[in-house]
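1. dropping the sequence and predicted coords here.
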Amino acid sequence: MSTIPDAAELAAGPGPPPGGGSIARNTAIFSAATGVSRIAGLAREIVAASYFGTTAAASAFTIAYLVPNLIANLFANAVLSAAFVPVFTDLLQRERKEEALRLARTLFWVMLIALGAITLVFILAAGVVLPLLTGAKFNGATNTLTVGLSRVLFPVVLLLGLNGLLLGILQSYDRFTIQAISPAVWNLVTIVLLVVLRSRFHGEHRIYALAIGILAATGVQFLMALAALRRIDFDLKFSFDWHDPRVKQVFALMLPIMIGLGIVNLDQLINSLFGTLVSAEAPRAIDNAFRLYMLPQGLFSVAVATVLFPTLSRMASRRDPTSMRRAVGVGMRQINLLLIPAATFMIVLTTPIVRLVYQRGQFTPHSTHLASIALFWFAFSLPFGGVNLLLTRTFFAVQRPWIPTRLAAMNIVVDIIVSIGLYKPLGIAGLIIGTVAANVVMTVLQLIRLREGFNGRLEGAHTTMITARIALASALLAGASWAVWYLLDHLLGRSLPAQIASVGGAAAAGLWLYSRAVLAMRVPEAHQVNRLIRAQLGRV
């Protein structure tokens, strides 16, 4: 069985701290590759928004995609992020590669059978399940469209679940390239099929082109991961070794992790389902805002957590709490360095950002107004969501999944209570404020529990001091960005090139002032990034 450190063991053993520069370098590489994917994703959202806006058909797609996407994330992330990687990595660390590969093969075939069955059952039951999830603002035709779209989309559960396992294997070998670039391919395939197939349908049924594109793109993504595995001499020959204790260990870890990740992913589902009580447009407006919110989240916090997770798992395997403590501290400060200014920029220029990205075709000024409300409040949650992701991965790395699971349950209760209390008087804003409150509570509870696990030592004072400097620099960014945007907006007007110039100029001015400020205030992580950029420019 694997060695699982308890709280006392984690706080006791000595070990050299990991190099912050190494973490910064790996994160920068992953972020750059992910950046291409996120830009492609933004292009997909722009095309879809121009075709469908915040219409009832677009909201039907949002609801139809939420359920399979929730279940797919549940299974994919449970294996990829928590249950599988620590166990697989531990076997590799002990030079037991054949056992590790046998474990992966067994899990692949188990998931193929289980997720295939779940997919089939849901496709048959969609006509009963989906109408239960929509509110009074959805009429009969919209409900019928929602059911049909869900049947097209639900096979992504099987494909993404298997893809998550394959990416977990690649992660354990520190192979992050496919995970970073395959979403870009996914988005490009989706865009091409959306444009090509849209004319084949009529009226509201044109939204089927988007569903078909997503299903096909997910299949391409799975094939890319499968091809990448051949480079590490891995095959998927049939294996069903139930006597392997590691199989039982993974499934024992999966239960709390699935519950925890399911609870966390329920947040987006809650926002959209409660949105159907606000208006038929609200679910899609919230989803449009969520995509913009996830752009910096995916570029920065997901990159930090993804790069650190296998490293944290190896540290836990060799009982090296000093290195873990240092790695978590560096990760939190990196996330704050990148997400606090991103959140600030979103808050001060919410409407110009949404207008620039989405407002064309069927996405009207009214749609911009609705999405802007959601994005404004989502921005407050941005740094907390990033830190939450890292802390949750830390608990998973030490194979203590029930801790974040219990905390996630409290998180969702907070979200539901606040959303129920505020959606009637505040509409969309009330729903997103529930998300913000839940993320703040989750961050505080995870920090308290993790600090206890490290016997009261988590570099908290140092991180707080650095975060205060980052917040001050972000305030300077806010003032500079708004002033530059206001000036350029009045000088240039609202044409598309003018909006690109005004929002882009505001971002450039704010970023320049922010970077000068954090370097002048001697934020270590800022100097790491600065050195990394200078080194890359020197090589060029």
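-> Sure thing, it's come through. Numbering: from 1, shown residues only.

2. what's the nearest residue to Asn411 if we skip its chain neighbours?
-> The spatially closest residue to Asn411, leaving aside those adjacent along the chain, is Met442, at 4.2 Å (Cβ to Cβ, 6 or more residues apart in numbering). To be clear about C-beta, it is placed using only N, CA and C from the backbone, and glycine gets the same treatment.

3. low-confidence bits of the stretch 251-400 of the chain, can you list those?
-> Within the stretch 251-400 of the chain, the stretches with pLDDT under 70 are 253, 256-266, 268, 299-311, 313, 317, 320.

4. can you show me the helices along it?
-> Using DSSP state H, counting those that start in this stretch, the helices of the stretch 251-400 of the chain run over 282-296, 302-317, 321-348, 350-358, 365-397.

5. just send those back as a markdown table, with distance to Ala100 too.
-> Compiled in a markdown table, these are given as follows (distance: least, Cβ to Cβ, whole Å):
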| stretch | distance to Ala100 |
| --- | --- |
| helix 282-296 | 32 |
| helix 302-317 | 13 |
| helix 321-348 | 22 |
| helix 350-358 | 43 |
| helix 365-397 | 17 |
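
6. how about those in a markdown table, adding mean neighbour count?
-> Putting the helices of the stretch 251-400 of the chain into a markdown table (neighbours: other Cβ atoms under 10 Å) gives the following:
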| stretch | mean neighbour count |
| --- | --- |
| helix 282-296 | 25 |
| helix 302-317 | 25 |
| helix 321-348 | 24 |
| helix 350-358 | 22 |
| helix 365-397 | 24 |
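
7. these: which one's closest to Ala461?
-> Smallest distance to Ala461 across the helices of the stretch 251-400 of the chain (Cβ to Cβ): 10.4 Å, for helix 321-348.

8. okay, the angle between that closest one and helix 350-358?
-> Going by axes from the mean of the first three to the mean of the last three Cα atoms, to 10 degrees, helix 321-348 is angled at 90 degrees with respect to helix 350-358.

9. run a quick neighbour tally on the residue nearest to Asn411.
-> Residue crowding around Met442 was assessed by other Cβ atoms under 10 Å; the count is 26.

10. SS state for Phe234?
-> Phe234 carries the three-state label coil when classified by DSSP: H, G, I helix; E, B strand; the rest coil.

11. what's the pLDDT at the closest residue to Glu204 other than its chain neighbours?
-> Distances taken as Cβ to Cβ, 6+ apart place Ala57 nearest to Glu204, at 4.1 Å, with adjacent residues excluded. Among the per-residue scores, Ala57 shows a pLDDT of 86.

12. which element is Ala57 on?
-> Here Ala57 is covered by helix 56-77, with elements defined by DSSP states H and E.

13. for whichever strand or helix holds Ala117, packing partners?
-> When secondary structure is defined by DSSP H and E, Ala117 falls within helix 97-133. Judged by 3 or more Cβ pairs under 8 Å, 6 or more residues apart in numbering; DSSP states H and E, the packing partners of helix 97-133 are helix 56-77, helix 84-93, helix 140-153, helix 156-172, helix 245-278.

14. the helix or strand containing Val192 vs helix 156-172, what angle?
-> Assignment of secondary structure by DSSP H and E places Val192 within helix 177-197. Note on geometry: by the same axes, to 10 degrees, helix 177-197 and helix 156-172 are set 150 degrees apart in direction.

15. what residues sit buried inside helix 177-197?
-> Neighbour-count burial for helix 177-197, with 16 or more other Cβ atoms under 10 Å as criterion, is recorded at 178-191, 193-194, 197.

16. now do stretch 210-228
-> By neighbour count on 16+ other Cβ under 10 Å, the buried set for stretch 210-228 is 210-219, 221-222, 224-225, 228.

17. pLDDT-wise, what's the bottom of the residues you listed?
-> Taken together, the buried residues of stretch 210-228 show their lowest pLDDT at Ala228, with 85.

18. my guess is that one meets Ile169, correct?
-> No: with contact defined as Cβ atoms under 8 Å, Ala228 does not reach Ile169; the gap is 9.2 Å.

19. returning to what we had before: out of the buried residues of stretch 210-228, flag the one nearest to Ser279.
-> Proximity of the buried residues of stretch 210-228 to Ser279 (Cβ to Cβ) peaks at Leu210, which lies at 21.1 Å.

20. circling back to that earlier point, filter the buried residues of stretch 210-228 down to the ones in helices?
-> 210-219, 221-222, 224-225, 228 (DSSP state H).

21. now, among those residues, which is nearest to Ala114?
-> Comparing every one of those with Ala114 (Cβ to Cβ), the shortest separation belongs to Phe222, at 16.4 Å.

22. ok, now which ones touch that closest one?
-> Under the criterion of Cβ atoms under 8 Å, 6 or more residues apart in numbering, the contact partners of Phe222 comprise 159-160, 162-163, 166.

23. cool, Ala507 as well?
-> 345, 481.

24. quick check: closest non-adjacent residue to Thr350.
-> Looking at Thr350 with Cβ to Cβ, 6+ apart, the closest residue is Phe376, at 4.4 Å.

25. what sits against that neighbour?
-> 346-347, 350, 429.

26. can you lay out these as a markdown table showing distance to Asn143?
-> Formatted as a markdown table, the entries for the contacts of Phe376 read as follows, by distance: Cβ to Cβ, whole Å:
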| residue | distance to Asn143 |
| --- | --- |
| Met346 | 34 |
| Ile347 | 36 |
| Thr350 | 32 |
| Ala429 | 26 |
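
27. go ahead and flag the most central residue of the chain.
-> Nearest residue to the geometric centre of the chain (Cα atoms, centre = their mean): Gly298, 5.5 Å.

28. isn't that residue up against Arg38?
-> Yes: taking contact to mean Cβ under 8 Å, the distance of 5.4 Å between Gly298 and Arg38 places them in contact.

29. continuing past the helix or strand that contains Ile412, what's the next helix or strand?
-> Assignment of secondary structure by DSSP H and E places Ile412 within helix 402-426. From helix 402-426 onward toward the C-terminus, using DSSP H and E, the following helix or strand is helix 428-453.

30. which elements pack onto that next one?
-> Judged by 3+ Cβ pairs under 8 Å, 6+ apart, helix 428-453 is in contact with helix 7-12, helix 245-278, helix 282-296, helix 365-397, helix 402-426.

31. could you list the buried residues of the helix or strand following it?
-> Using DSSP H and E, the helix or strand that follows helix 428-453 towards the C-terminus is helix 460-492. For helix 460-492, the buried set under the neighbour-count rule, 16+ other Cβ under 10 Å, comprises 463, 466-467, 469-470, 473-474, 476-478, 480-482, 484-485, 488-489.

32. which strands and helices sit next to helix 460-492?
-> Taking 3+ Cβ pairs under 8 Å, 6+ apart as the contact definition, the neighbouring helices and strands of helix 460-492 are helix 321-348, helix 496-520.

33. and the angle for that helix with helix 365-397?
-> In terms of direction (the same axes, to 10 degrees), helix 460-492 departs from helix 365-397 by 160 degrees.

34. how far off centre is helix 460-492?
-> Put simply, helix 460-492 sits 24 Å off its chain's centre (Cα atoms, centre = their mean, to the nearest Å).

35. from here on, count from 619
-> Renumbered: residue one is now 619, and that last one reads helix 1078-1110.

36. now that helix: mean pLDDT?
-> Averaged across helix 1078-1110, pLDDT comes to 92.

37. pull the number of nearby residues for the residue nearest to Phe702 when sequence neighbours are not counted.
-> Computed as Cβ to Cβ, 6+ apart, the closest residue to Phe702 that is not its neighbour in sequence is Gly786, at 4.7 Å. If you count neighbours by other Cβ under 10 Å, Gly786 ends up with 27.
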